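1. structure for the following, please:
(one chain, ligands or ions: 1)
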Amino acid sequence: MARRTAVVTGGAGFIGSHLCDALIRAESAVICVDNFLTGSRDNVAHLLASPHFDLIEQDVNDKLAVAGEVDVVFHLASPASPVDYLRHPIETLSVGSVGTLNALELARERGARFVLASTSEVYGDPHQHPQTEAYWGNVNPIGPRSVYDEAKRFAEAATAAYRREYGADTAIVRIFNTFGPRMRTDDGRAVPAFVTRALTGQSLHVAGDGRQSRSLCYVDDTVAGLLAVAASSHPGPVNLGTEDERTVMDIARLVLDLTGSAAGIEFVAMPEDDPGRRRPDTTLAREAFGWEPRIAIEGGLAATVTWFVQQLAAGAAR
Ligand code: NAD
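-> Residues are numbered from 1 along each chain as shown. The predicted structure is shown next:
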């Protein structure tokens, strides 16, 4: 990626800001486009001094106001946590559809490669386990989660259509649960919720009986996968995630161990349409890109706990 110009929509979010960091480290020029709906200027504040980093505050539902040459467009703009997309259902549908078309159009106009950050949620509550890229999914099109799942399915369809119709150089990446520093304490996903509650001595809320599974990939590995796909000409879809599947109960226990917290576990109602099992088949990513996750969940969680300790201390000091 050296000396190339990358546009990162959603670049001030959790994964997007780590991607911006990695691109700057790789000596790319980065144009980060974000409206701060769920992200924050703080996530990229350390990059603002770089002459190779530009931050444009913009809604990608409007035509992208990016000047000059562009080599690659990473399209990450979208609320991603259930708390966020249930709070912003129409914005989520809009950014997945109109926003994706705008990002695709920018890539097509500049002859840039386009990488869509899609999601394992396109598989819905899967009937196939583990999920391969060939699986078409099991999504409730009118349930509360559909605003996210169907928006991403539309985004994939639009990306595939741009490739067929215009010969655009596109790729679809299906990201599975990713965690790490810069997740928000109020993000609502399992890791930030568990860690924040453990650190503040509140019991961890485990949905259902806790036997539903998740496969948690550390953000540095997800970013490495995005870069590998961008550097190739592969159209995808490509699953990015870890095959290390854990039950939600196991993840809760691990967080209690790592934080040394005496907060207990409390069982709460299962959210509607919550997927029962989640594990990617990452054969394609391994064989096509030599990519596989390198950071074990324990190590990633330790770094994440450190981040939340700092966040809570900063919040308490304010
Ligand atoms: P995030 O909410 O931290 O980041 C999303 C960013 O997009 C935010 O900075 C937000 O302000 C921005 N944004 C939202 N709508 C916008 C709009 N209309 N115009 C401009 N910017 C807008 O979420 P994240 O976890 O970093 O996820 C990033 C991407 O990766 C999303 O597309 C998400 O669907 C995908 N993804 C994430 C995960 C995960 O586990 N984190 C899993 C699968 C897919």
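
2. the host helix or strand of residue 250 near the ligand at all?
-> Assigned by DSSP states H and E, residue 250 belongs to helix 248-259. No - taking C-beta under 6 Å from any ligand atom as the criterion, helix 248-259 and the ligand are apart, separated by no less than 13.5 Å. (Each C-beta comes from the backbone N, C-alpha and C, glycine too.)

3. what packs against that helix?
-> helix 190-199, strand 204-207, strand 213-215, strand 265-268, helix 297-317 (3 or more C-beta pairs under 8 Å, 6 or more residues apart in numbering; DSSP states H and E).

4. ok, 6 Å please
-> helix 190-199, strand 204-207, helix 297-317 (3 or more C-beta pairs under 6 Å, 6 or more residues apart in numbering; DSSP states H and E).

5. ok, and what's touching that helix?
-> 194-195, 198-199, 204, 206, 210, 212, 265, 301-302, 305 (C-beta atoms under 6 Å, 6 or more residues apart in numbering).

6. would a markdown table of those with pLDDT be doable?
-> A markdown table is the format used below for the contacts of helix 248-259 (pLDDT from 0 to 100):
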| residue | pLDDT |
| --- | --- |
| 194 | 95 |
| 195 | 95 |
| 198 | 95 |
| 199 | 94 |
| 204 | 95 |
| 206 | 94 |
| 210 | 92 |
| 212 | 90 |
| 265 | 93 |
| 301 | 95 |
| 302 | 94 |
| 305 | 95 |
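
7. scan those residues and report the most crowded one.
-> Per-residue neighbour counts (other C-beta atoms under 10 Å) across the contacts of helix 248-259 peak at residue 194, which has 28 neighbours.

8. so which bits of the stretch 1-150 of the chain are right by the ligand?
-> So far as C-beta under 6 Å from any ligand atom goes, the stretch 1-150 of the chain lies against the ligand at 9-10, 12-16, 34-39, 59-61, 76-80, 84, 95, 99, 117, 119.

9. which residue packs closest to residue 9, ignoring adjacent ones?
-> residue 77 (3.9 Å; C-beta to C-beta, 6 or more residues apart in numbering).

10. doesn't residue 291 lie inside a strand?
-> No - Residue 291: not assigned to a strand; according to DSSP: H, G, I helix; E, B strand; the rest coil it is coil.

11. contact partners for it?
-> Residue 291 sits in contact with 225, 228, 285, where contact means C-beta under 6 Å, 6+ apart.

12. strands paired with the helix or strand that contains residue 54, and their directions?
-> If you go by DSSP H and E, residue 54 is part of strand 53-57. Strand 53-57 has the following sheet partners, assigned by DSSP bridges: strand 29-34 (parallel).

13. any idea of the mean pLDDT in the strand it pairs with?
-> Mean pLDDT, strand 29-34: 98.
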